[in-house]
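*Asks:* sequence plus predicted model, see below.
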Protein chains: 2
Amino acid sequence: MSETNTRARIMDLAQDLLREKGYTGFSYTPIAGALGVRNAAIHYHFPTKENLGEALVERERRRFLKWTGLKAIRDLDAWGKLDWFCSIYERYSQGGTRVCYLGALESSFDALPEAVQSQAQRLNLEMLAWLEEVLEAGRQAGDFRYEGRAAGRAVLIMSALQGAVQIARVTAPDNLEQAIQQIRASLR
Amino acid sequence: MSETNTRARIMDLAQDLLREKGYTGFSYTPIAGALGVRNAAIHYHFPTKENLGEALVERERRRFLKWTGLKAIRDLDAWGKLDWFCSIYERYSQGGTRVCYLGALESSFDALPEAVQSQAQRLNLEMLAWLEEVLEAGRQAGDFRYEGRAAGRAVLIMSALQGAVQIARVTAPDNLEQAIQQIRASLR
DNA sequence: GTCTATACGCTGATAGAC
DNA sequence: GTCTATCAGCGTATAGAC
């Protein structure tokens, strides 16, 4: 197996564990087990856990920037862009079994290594900035109706999605859909 | 110092650590250090970490039920009750340094002992039920305006508060206030 | 270049001293 | 009844084998 593929497989496994158990709750051993090697083998690819955590959030940032740069996304109207943003969280939730990256990281922020904190902060700001722009443009185009600053509305919507994924996991998976419907309703 | 006071002091310290570092991120040693004893002394009061976690969430549930039962809260109008509910999260946030109980627990849910999971679930449902009733009554009284089911709106608002506390910690503390303002605006 | 054997600190927990 | 000395196990990380 090529080095790149192993790296990616490690990251995929780590990503799932992170969103199940949080940053402090996941360890190298289960990843190694799934790959049929010793835990120390993972340290070859990611010398420290901080490296692995940083790589995970960095990859997620790259993906978000890549997607938002695609013509297919940029050409959507305001409602389409909002729906796409919500669909990210539906994917994160995976039917109520997991939470999103930022939820998994932010709720144990003080326990994170510095590089992971920094990456989480960046991802957060990049997502908020994109959403704010969509909300601002959507209101000017007459698609959305809401009061106050677009920045505040972006915080509200992103907070609601992040919180709903967590609440859905503990109550009913359907609660994420409830929240999304209400987000849409509150913009009409 | 009486047994009860020591218990309460341990719980207060544990509560702060839990909301800083998450369930898996906090341990007995810092609590013992703050109290000037060995970590094993905490095990006398709380034999297992599961006991301590359970006691913390149970206490929070009791507090919520006690507060919502008070005449001072029950006599508030719909907006007053909403404001009170939001103020809980302002207290949780502590100026952007911590997160709420449910955020701290839910994002590492799969790593929690069964008793803690169960308590978190109950607290979640109790808070949602109370909020739903406030939203339903408030709409019928003509105070709130929103579309769809009250239950969905309750999920939206509680999710938003929970998420905003987390986002505020990582971006700007003010973002919790932004979210609260937007919650209010979306009910008018 | 990739992995295994191994170290070592910290965690939650027990037995028993006072 | 309250705490200390101590432990077994897991966590991350290093040195070195192949």
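*Replies:* Great, that's in hand. Numbers count the residues shown, from 1 in each chain, chains lettered A, B, ... in the order given.
*Asks:* so A:Ala172 touches A:Gly96, yeah?
*Replies:* Yes. In this structure A:Ala172 lies within contact range of A:Gly96 using C-beta atoms under 8 Å: 7.3 Å. Where you see a C-beta, it was placed from the backbone N, CA and C, and this is true even at glycine.
*Asks:* neighbour count: those two, which is higher?
*Replies:* Between A:Ala172 and A:Gly96, counted using other C-beta atoms under 10 Å in any protein chain shown, A:Gly96 has the larger neighbour count: 17 against 14.
*Asks:* and the gap between the more buried one and A:Arg59?
*Replies:* Distance, A:Gly96 to A:Arg59, using C-beta to C-beta, to the nearest Å: 24 Å.
*Asks:* same check on A:Asp75?
*Replies:* With C-beta to C-beta as the criterion, A:Asp75 and A:Arg59 are 25 Å apart.
*Asks:* which one's more surrounded, these two?
*Replies:* A:Arg59 (16 against 9).
*Asks:* which ones are touching the more buried one?
*Replies:* Shown in contact with A:Arg59 (C-beta atoms under 8 Å, 6 or more residues apart in numbering or on different chains): A:Met11.
*Asks:* tell me the pLDDT of it.
*Replies:* If you check A:Arg59, the pLDDT there is 98.
*Asks:* host element of the residue in chain A that DNA strand C sits nearest to?
*Replies:* Nearest residue of chain A to DNA strand C (C-beta to the nearest atom of the strand) works out as A:Ala40 at 2.7 Å. A:Ala40 belongs to helix A:39-45 when assigned by DSSP states H and E.
*Asks:* which secondary structure elements does that helix contact?
*Replies:* Where contact means 3 or more C-beta pairs under 8 Å, 6 or more residues apart in numbering or on different chains; DSSP states H and E, helix A:39-45 is packed against helix A:3-21, helix A:28-35.
*Asks:* now the angle from the longest one to helix A:28-35?
*Replies:* This points to helix A:3-21. 130 degrees (axes from the mean of the first three to the mean of the last three C-alpha atoms, to 10 degrees).
*Asks:* just the CA atoms of the lowest-mean-pLDDT helix or strand in chain A, as PDB, please.
*Replies:* Here the helix or strand of chain A ranked lowest by mean pLDDT, DSSP states H and E is helix A:3-21, holding a mean of 92. Taking Å, rounded to 0.1, in the frame of the first residue of the first chain, the C-alpha atoms of helix A:3-21 are listed here in PDB:
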ATOM      1  CA  GLU A   3       2.300   5.800   1.800                       C
ATOM      2  CA  THR A   4      -0.400   8.300   0.800                       C
ATOM      3  CA  ASN A   5      -3.100   5.700   1.000                       C
ATOM      4  CA  THR A   6      -2.000   4.600   4.500                       C
ATOM      5  CA  ARG A   7      -2.000   8.200   5.600                       C
ATOM      6  CA  ALA A   8      -5.500   8.700   4.300                       C
ATOM      7  CA  ARG A   9      -6.800   5.500   5.900                       C
ATOM      8  CA  ILE A  10      -5.400   6.500   9.200                       C
ATOM      9  CA  MET A  11      -7.000   9.900   8.900                       C
ATOM     10  CA  ASP A  12     -10.400   8.400   8.000                       C
ATOM     11  CA  LEU A  13     -10.300   6.100  11.000                       C
ATOM     12  CA  ALA A  14      -9.100   8.900  13.300                       C
ATOM     13  CA  GLN A  15     -11.700  11.200  12.000                       C
ATOM     14  CA  ASP A  16     -14.500   8.900  12.900                       C
ATOM     15  CA  LEU A  17     -13.100   8.200  16.300                       C
ATOM     16  CA  LEU A  18     -12.600  11.900  17.000                       C
ATOM     17  CA  ARG A  19     -16.300  12.600  16.100                       C
ATOM     18  CA  GLU A  20     -17.500   9.700  18.300                       C
ATOM     19  CA  LYS A  21     -15.300  10.200  21.400                       C
END
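*Asks:* next one: it to chain centre, how far?
*Replies:* The chain centre lies 15 Å from the centre of helix A:3-21; the measure is C-alpha atoms, centre = their mean, to the nearest Å.
*Asks:* do it and DNA strand D come into contact?
*Replies:* No. Using C-beta under 7 Å from any atom of the strand, helix A:3-21 never reaches DNA strand D; the gap is at least 9.4 Å.
*Asks:* contacts for that helix, please.
*Replies:* With C-beta under 8 Å, 6+ apart, helix A:3-21 has contacts from A:25-27, A:30-31, A:34-35, A:42, A:45-46, A:52-53, A:55-56, A:59, A:92, A:97-101, A:104-105, B:24, B:108-111.
*Asks:* go again with 6 Å.
*Replies:* Residues from elsewhere that reach helix A:3-21 (C-beta atoms under 6 Å, 6 or more residues apart in numbering or on different chains): A:26, A:31, A:34, A:45, A:52, A:56, A:98-99, A:104, B:108, B:110-111.
*Asks:* buried residues in it, which are they?
*Replies:* By neighbour count on 16 or more other C-beta atoms under 10 Å in any protein chain shown, the buried set for helix A:3-21 is A:6, A:10-11, A:13-21.
*Asks:* now the residues you listed as a markdown table including distance to B:Gly80?
*Replies:* Listed next are the buried residues of helix A:3-21 as a markdown table, based on distance: C-beta to C-beta, whole Å:
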| residue | distance to B:Gly80 |
| --- | --- |
| A:Thr6 | 58 |
| A:Ile10 | 52 |
| A:Met11 | 49 |
| A:Leu13 | 49 |
| A:Ala14 | 46 |
| A:Gln15 | 43 |
| A:Asp16 | 43 |
| A:Leu17 | 44 |
| A:Leu18 | 40 |
| A:Arg19 | 38 |
| A:Glu20 | 39 |
| A:Lys21 | 39 |
